[in-house]
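[1] Need a 3D model of the following:
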Amino acid sequence: MAAILTQASSAASIAEPQKSSFARRIKSDPRLKKLAAYLLFQPRRARPRWWVKWLANPFVHTYGRGSLLRRVRRDLIPFNAFVLGADSIIEDYTTVANGMGGIVIGARTLVGIANVLIGPLRIGNDVIIAQNVVFSGMNHGYADVTKPIRYQQCTAAEIVVEDDVWIGANAVITAGVRIGKHAVVAGGSVVTKDVPPYSVVGGNPARILRQYSAASGNWERPPA
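    Residues are numbered from 1 along each chain as shown. Purely as a prediction, here's the structure:
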């Protein structure tokens, strides 16, 4: 909740609809932003009020044909995008939260059990995400030692996952990272830097383990 009160909009937009002048006015005025947060969210909780879930979000968020959300916690607000592409599935116990920025998921993408998706986040087509993966497009501020971290301003940077990526279980993807096409992130990895297309990364922090060579037609280890 503190994150939403301190910064209601993300540092980067991801294919979101053009925001109205009214929404921009709210986000630029601290008093209006605080009031909006109170009206949108339950006190001391980052969960939307019932009227947001049932009377607002269904009319502004997009669910593609054949898409499926199982038992998913939806901490969603109507002022930021949530898009789930055609034939994509979000499995049980996943949390999606767009308070800091929109979440856009392409077609035929599988989001596994118990993932955490915190925007701003854009995921492409034909992506496979295993269990317990965390995407966090936001960071808590901590520089002011006189103020609890939970009350300091948050920052946001878009995470981008390109088409045809496979991310293993228990991986963590941090704010601002781009994962290139047909890349593989090994289970348990902590990804803090961009991942090139057609590469395999693993470890904490993640590093390149193999990369596809068009010249040889093989997946090769990087030079020592």
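[2] which ones are touching the closest residue to Gly85 other than its chain neighbours?
    Leaving aside its chain neighbours, Gly85 sits nearest to Ala107 (3.8 Å; criterion: C-beta to C-beta, 6 or more residues apart in numbering). Backbone N, C-alpha and C define where each C-beta goes, glycine included. Contact analysis of Ala107 by C-beta atoms under 8 Å, 6 or more residues apart in numbering lists 64, 85-88, 125-126.
[3] Quick check, Leu209 in contact with Val185.
    No. Using C-beta atoms under 8 Å, Leu209 is not in contact with Val185, being 10.3 Å away.
[4] So which of the two has more stuff around it?
    Per other C-beta atoms under 10 Å, whichever of Leu209 and Val185 has more neighbours is Val185, with 26 against 16.
[5] Could you double-check that the more buried one lies in contact with Asn170?
    No. Proximity of Val185 to Asn170 does not meet the contact threshold set by C-beta under 8 Å, at 10.5 Å.
[6] picking up where we left off before, looking at neighbours, which among the contacts of Ala107 is most surrounded?
    Neighbour max across those (other C-beta under 10 Å) = Ser88, 24 neighbours.
[7] quick one: contacts for the nearest residue to that residue once chain neighbours are set aside?
    Using C-beta to C-beta, 6+ apart and skipping residues adjacent in sequence, the residue nearest Ser88 is Thr109, 4.4 Å away. Going by C-beta under 8 Å, 6+ apart, Thr109 touches 85, 88-89, 123-129.
[8] do you know how far Thr109 is from Leu68?
    Distance, Thr109 to Leu68, by C-beta to C-beta, to the nearest Å: 11 Å.
[9] Now for these two: what residues contact both?
    Joint contacts of Thr109 and Leu68 (C-beta under 8 Å, 6+ apart) are 88-89.
[10] Cool, thanks, signing off.
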